[in-house]
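# Generate coordinates for the sequence data below:
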Amino acid sequence: MAKYTPEKLTALRRLRAARRMHRRFPLMAFLFMKEKYPEYSYNDFIEDITPKRKRYYKSYRYIKKCPLRKYGRFTAMDNLIQQYRQTGDPAALLKAEKIRKVMTKPYRILVSIKGQATEFYLSEYIPYHIVQDLTIAIKKTNTMEMAEQLINDIRSRYNGFGA
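Modelled structure (predicted):
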């Protein structure tokens, strides 16, 4: 026993086709539907694409935040993605991908002064530009003690940052 009559089925198919066309080609949807259904009027099209019952939406749009936003490298990655969208430069996208791969890992800073090399780790929540400025400052130092002092200053300033 059929749930719907053949006329109702064709009307439902036409309605779904109209909505699908309207989503894909909002400006030309009526013309495409007119080709498919010659007796189709503009009022029928408007009735088909308008929802029959009101859906309940929140009064504001909730924008879900990215969980990676708390990491220090996120803004650098986001800026590179925006740069790619504006310019189409694939090098920016590759840099963003490299940053994304190490996003949740702590910063690793290798300091070598006068043949002596030491490796330091900083929290991954520290902003990226702070770490870049730190590496530039470390390159200007002459002794390992000064480099350690700079790193300890950053560690104390950003102790528990973002956690």
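
# Could you list the low-pLDDT ranges of this structure?
Counting by pLDDT under 70, the chain contains low-confidence residues at 1, 54-62, 160-163.

# Now do the domain split for it, please.
Domains of the chain are assigned by automatic domain parsing as 8-49, 67-101, 107-157.

# since we're on residue 9, how many residues are nearby?
Residue 9 has 12 neighbouring residues, counting by other Cβ atoms under 10 Å. C-beta here means a position set from N, CA and C on the backbone, and glycine is covered the same way.

# tell me the SS of residue 105?
State at residue 105, reduced to three classes by DSSP: H, G, I helix; E, B strand; the rest coil: coil.

# Next, the buried residues of stretch 86-100.
Using 16 or more other Cβ atoms under 10 Å as the test for burial, stretch 86-100 gives 92, 95-96, 99.

# Tell me which of these fall in helices.
The helices, defined by DSSP state H, take in 92, 95-96, 99 from the buried residues of stretch 86-100.

# could I get the residues you listed as CSV with distance to residue 38?
Shown next, in CSV, are these (distance: Cβ to Cβ, whole Å):
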residue, distance to residue 38
92, 51
95, 55
96, 51
99, 56
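
# Among the residues you listed, which one lies nearest to residue 71?
Minimum distance to residue 71 across those is 9.7 Å, recorded for residue 99 (Cβ to Cβ).
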